[in-house]
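*Asks:* okay, sequence plus prediction incoming.
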Amino acid sequence: TNSSEMHRLVQLVLNNRMSPEGQARMRHGAHTLLAAADPKAPVDPASWPRYAELYSHVIAAGAIRSDQPWVRQLVSNIAKYLYWWGDHEVSLDFSEQAWKSWLDIFGEEDQQTLLMGQWLCFMYWVVGRFDDAARLVSHLREVYERTAPADGEDNREDALDALQLEAAVRRVEGRFATGAELDRIAYERAHRAFGEDDPTTLNIAHNLCVSLRLVGDFNGALELDRRTLDLKLRLYGREDRRTLHSEHHVAIDTRETGDYVGALALQ
């Protein structure tokens, strides 16, 4: 299989023979090798076999506690791969370990720590731990507000993602109007900062339409979903999953406005 395997007893003996400095040097080398093998595409099914191979090595090598940015990116990608692969509970456990380790090492204002916090909050949401998601999203919002630029609104992509995440949490709490307002704020900021055809803006527009449907504004959702679909068709093409996702939501909007025949045709 073009690979080699060392017995655990031999590993233990070799580790015990090394000085702490030697262990740290070898661990750093292992982390670097693992990061270099990262396909950097956790959403792509073609990359999943490679991530499956990397996962056990990431655990064994203690890569979660690495201070190298590219190794931390690998850790984030492993967490996302586990979600997309369908192993949600393992992704949640892995993400919790990474979040707690990075809080301890880098602090809560570190950007990669904040991004892992967002991912962990999303995983709480995925598995139905909504109280945990609500507590964490409130903490993340406090950190973003504290670190926002003093000269204007915070239009960083991760800050906008945090707003959308809070909107999703408020929706599952039944606070639909609050969720819609948060999504609208995020959309308006993205529209001003990046333009209406930027991928970030399109993603936020999609989520805003979810909130609009939940507050009963079906015509508003349909209008924005149609505009978003037109932009995605130009940007991604007809067969891209992001385009298909918006086309599906146009069909839902069409159904909710009472045009059942038109919705059936779209579906």
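*Replies:* Looks like it arrived, so ask away.

*Asks:* test my guess that residue 240 contacts residue 234.
*Replies:* No. Using CB atoms under 8 Å, residue 240 is not in contact with residue 234, being 11.2 Å away. In short, each C-beta sits where N, CA and C put it, glycine included.

*Asks:* and residue 6, helix, strand or coil?
*Replies:* coil (DSSP: H, G, I helix; E, B strand; the rest coil).

*Asks:* now it, what are its backbone angles?
*Replies:* Here is the backbone geometry of residue 6 (degrees, to the nearest 10): phi -110, psi 140.

*Asks:* count residues in the vicinity of it, would you?
*Replies:* 8 (other CB atoms under 10 Å).

*Asks:* swap in residue 251?
*Replies:* By the criterion of other CB under 10 Å, residue 251 has 18 neighbours.

*Asks:* circling back to that earlier point, who's more crowded, residue 240 and residue 234?
*Replies:* Neighbour count, other CB under 10 Å: between residue 240 and residue 234, residue 240 has more, with 13 against 10.

*Asks:* how much distance is there from the strand or helix carrying residue 21 to the middle of the chain?
*Replies:* For residue 21, the enclosing helix or strand under DSSP states H and E is helix 20-36. In terms of CA atoms, centre = their mean, to the nearest Å, the centre of helix 20-36 is set 27 Å apart from its chain centre.

*Asks:* over to stretch 202-212?
*Replies:* Relative to the mean C-alpha coordinate of its chain, stretch 202-212 is positioned 16 Å out (CA atoms, centre = their mean).

*Asks:* can you list contacts of it?
*Replies:* Identification of contacts with stretch 202-212 by CB atoms under 8 Å, 6 or more residues apart in numbering yields 160, 164, 167-168, 171, 176, 179-180, 183-184, 186-187, 190, 196, 218, 220-221, 224-225, 227-228, 231-232, 235, 242, 245-246, 249, 253.

*Asks:* would you mind writing the CA trace of it as CSV?
*Replies:* Presented in CSV, the C-alpha positions along stretch 202-212 are these (Å, rounded to 0.1, in the frame of the first residue of the first chain):
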residue,chain,number,x,y,z
LEU,A,202,-25.1,35.2,-2.1
ASN,A,203,-24.7,32.8,0.8
ILE,A,204,-26.1,35.4,3.3
ALA,A,205,-29.0,36.2,0.9
HIS,A,206,-29.9,32.6,0.8
ASN,A,207,-30.1,32.4,4.6
LEU,A,208,-32.0,35.7,4.8
CYS,A,209,-34.7,34.0,2.6
VAL,A,210,-35.0,31.2,5.1
SER,A,211,-35.7,33.8,7.8
LEU,A,212,-38.2,35.7,5.6
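
*Asks:* check which helix or strand covers the most centrally placed residue in the chain.
*Replies:* The C-alpha lying nearest the average C-alpha coordinate of the chain belongs to residue 119 (CA atoms, centre = their mean; 4.9 Å). Here residue 119, judged by DSSP H and E, is contained in helix 111-127.

*Asks:* what does that helix rub up against?
*Replies:* Contacts of helix 111-127 from elsewhere in the structure, counted by CB under 8 Å, 6+ apart, are 69, 72-73, 75-76, 79-80, 83, 88-89, 91-92, 95-96, 98-99, 102-103, 106-108, 130, 132-133, 136-137, 139-140, 143-144, 158, 161-162, 165, 168-169, 172.

*Asks:* now, the residues you listed that are in helices?
*Replies:* Within these, residues falling in helices by DSSP state H are 69, 72-73, 75-76, 79-80, 83, 88-89, 91-92, 95-96, 98-99, 102-103, 106, 130, 132-133, 136-137, 139-140, 143-144, 158, 161-162, 165, 168-169, 172.
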